[in-house]
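Student: need a structure here:
(one chain, ligands or ions: 1)
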Amino acid sequence: MAESKEFREQGKEMVEYIAGYIDTIEKRPPLAQVEPGYLSKLIPNAAPQKPDKWEDIMKDVEKVIMPGVTHWHSPHFHAYFPTGNSFPAILGDMLSDVIGCIGFTWIASPACTELETVVMDWLGKAIGLPEEFLAEGNGKGGGVIQGTASEATLVSFLAAKMKRIRKELESQPDKDQYDVLPKLVAYTSDQAHSSVMRASLIASIRMRSLPSNEENALRGNVLQKAIEEDKAKGLIPFFVCATLGTTAFCAFDNLTELGQICEKENIWMHVDAAYAGTAFLCPEFRYLLKGVKYATSFNFNPHKWMRINFDCSAMWVKDEDDLVHAFHVDPSYLKHKHQGAVKDFRHWQIPLGRRFRSLKLWFVLRMMGIEKLQEHVRKAMQLAHDFEKLVLSDSRFEIVGSVILGLVCFRLKDSNEINEKLLKEINNSGKIHLVHSTEKETYFLRFAVCASSTEQKHVQYAWKIIQELTNSLLNGIPPSI
Ligand code: PLP
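Tutor: Model (predicted):
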């Protein structure tokens, strides 16, 4: 049988399997109910010498793989933040897989670079970013797709470092970068995602974790004080990472206050809006974006809430030279005749290789349109508020922080230990999946509206499970579901 003939048949079967998986996902336990090491017991310990049969492989998908899958797209999955999924994104990724180009330079696949540039402008406009972040027009702005928000933070952090070193050396030509490096200091809040501190560990550059206020936001006065202290010690403040939609509470740093300080002190401000960024598709949530005009770089993950399958992290800068000059290497095998006149995304990221990820973004934007994506955001917000009301209707519980987007943080008005026990029971039930966080010594549960198929009935079901397990935990009443 010719290879493509087989592929056509198997491909149809796979599409059927994929569609069936999504249609029936609700019936699977959202959290995998297996123990570590379960899988190696189910498959041979070496690869087959001769091809296995397609039918046997597909049987093993159900037997070996699915029991160990945590189903992030189940409407009963309420852990972490959402991860995106949609048939248009899968179709776009299929096309990307078959083209299989490595678009590190423009010439390595012009469509890969050009589509990415255009759809990043589409997306930037759709979320209301200032024009300076766009590639169209005469400015130096533009967007690039990174794999993750962690990479976007790292890239901006390293680029900010190089920019500051170059600036310092302009006035101290007798010094080199190794004289400046130990003096650099960056800032973020104690609510920032762990990847921000990790960027400083990777780069071996000092970063201070500044205290957030009672609303879990970083305010300007705290940053200003830290900058003054550090300047008095002879240090050089060069980078701030602000967060819109923090991981634990979905809280928002005060971008305007932080940004004005960064502008005055000549500090690079990176904005990490990994989860919350998708909400800005809806004009009514753009008040949360206020102050973004001060940002040097901005990032959010369409692969979180925007129905795009992992990986697709959208990053914009106002001045592409900040990236291009930061990590410049120019081996002869990568040179091409249009170099300098076109974008070569290899300068904008850590790895050399890059997939054609803009295809899935293009497919989703075209097949769903901004309006469908807005509906998706508004529905999740509404469901989060529905859940919040249910929590508030039971006097044994309290809400922690504020419900601003699709995340509800809540706890029993009881000890951390009881809340911990409740979460354990919830996840052991195999019916819904939630995770916790601990901030300022308070343990709480996080309920995120994740799958696009989540409806009000799923929210009510989740609440029923939580209440019944609470009755059992506090009063010994056995759960009925
Ligand atoms: N930043 C924030 C605010 C997040 O909530 C997360 C993950 O949830 C990240 C960064 C990390 O995202 P990624 O896995 O794309 O690096």
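Student: So which residues on the stretch 301-450 of the chain come close to the ligand?
Tutor: Within the stretch 301-450 of the chain, the residues that sit near the ligand (C-beta under 6 Å from any ligand atom) are 301, 313. For the C-beta atoms, the positions are set from N, CA and C on the backbone; glycine is no exception.
Student: any chance you could map the strands in the stretch 301-450 of the chain?
Tutor: With DSSP state E, counting those that start in this stretch as the criterion, the stretch 301-450 of the chain has strands at 313-317, 397-399, 407-412, 435-439, 442-448.
Student: Over to the stretch 51-200 of the chain?
Tutor: Using DSSP E, counting those that start in this stretch, strands in the stretch 51-200 of the chain cover 142-146, 184-189.
Student: any weak-confidence spans in the stretch 151-300 of the chain?
Tutor: Counting by pLDDT under 70, the stretch 151-300 of the chain shows no low-confidence range.
Student: returning to that earlier point: make JSON lines out of the strands of the stretch 51-200 of the chain and add mean neighbour count and distance to the ligand.
Tutor: As requested, these are exported to JSON lines (neighbours: other C-beta atoms under 10 Å; distance: least, C-beta to the nearest ligand atom, whole Å):
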{"stretch": "strand 142-146", "mean neighbour count": "26", "distance to the ligand": "8"}
{"stretch": "strand 184-189", "mean neighbour count": "25", "distance to the ligand": "11"}
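Student: closest one to residue 297 among these?
Tutor: Closest to residue 297 of these, according to C-beta to C-beta: strand 142-146, at 10.1 Å.
Student: Quick one: mean pLDDT over that closest one.
Tutor: The average pLDDT within strand 142-146 is 98.
Student: Okay, angle between that strand and strand 313-317 too, please.
Tutor: 150 degrees (axes from the mean of the first three to the mean of the last three C-alpha atoms, to 10 degrees).
Student: which strands and helices sit next to strand 142-146?
Tutor: helix 110-126, strand 313-317 (3 or more C-beta pairs under 8 Å, 6 or more residues apart in numbering; DSSP states H and E).
Student: and the ones you listed, which is most packed in?
Tutor: strand 313-317 (a mean of 28; mean count of other C-beta atoms under 10 Å).
Student: would CSV of the strands of the stretch 51-200 of the chain with distance to residue 68 be doable?
Tutor: CSV is the format used below for the strands of the stretch 51-200 of the chain (distance: least, C-beta to C-beta, whole Å):
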stretch, distance to residue 68
strand 142-146, 29
strand 184-189, 35
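Student: Compile the helices and strands packed on strand 142-146 into CSV and extend it with columns for mean pLDDT.
Tutor: Shown next, in CSV, are the helices and strands packed on strand 142-146 (pLDDT from 0 to 100):
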stretch, mean pLDDT
helix 110-126, 98
strand 313-317, 98
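Student: I'd like to know which of these lies nearest to residue 456.
Tutor: helix 110-126 (27.3 Å).
Student: Only alpha carbons, please: show the closest one as PDB.
Tutor: Coordinates of each C-alpha in helix 110-126 appear next as PDB, following Å, rounded to 0.1, in the frame of the first residue of the first chain:
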ATOM      1  CA  PRO A 110       8.900  33.400   3.800                       C
ATOM      2  CA  ALA A 111       5.200  32.600   4.500                       C
ATOM      3  CA  CYS A 112       6.200  31.400   8.100                       C
ATOM      4  CA  THR A 113       7.700  34.800   8.900                       C
ATOM      5  CA  GLU A 114       5.200  36.900   7.000                       C
ATOM      6  CA  LEU A 115       2.000  35.300   8.300                       C
ATOM      7  CA  GLU A 116       3.400  35.500  11.800                       C
ATOM      8  CA  THR A 117       4.000  39.200  11.400                       C
ATOM      9  CA  VAL A 118       0.600  39.900  10.000                       C
ATOM     10  CA  VAL A 119      -1.400  37.700  12.500                       C
ATOM     11  CA  MET A 120       0.500  39.100  15.400                       C
ATOM     12  CA  ASP A 121      -0.700  42.600  14.200                       C
ATOM     13  CA  TRP A 122      -4.200  41.300  13.900                       C
ATOM     14  CA  LEU A 123      -4.000  39.900  17.400                       C
ATOM     15  CA  GLY A 124      -2.400  43.000  18.800                       C
ATOM     16  CA  LYS A 125      -5.200  45.200  17.400                       C
ATOM     17  CA  ALA A 126      -7.800  42.700  18.600                       C
END
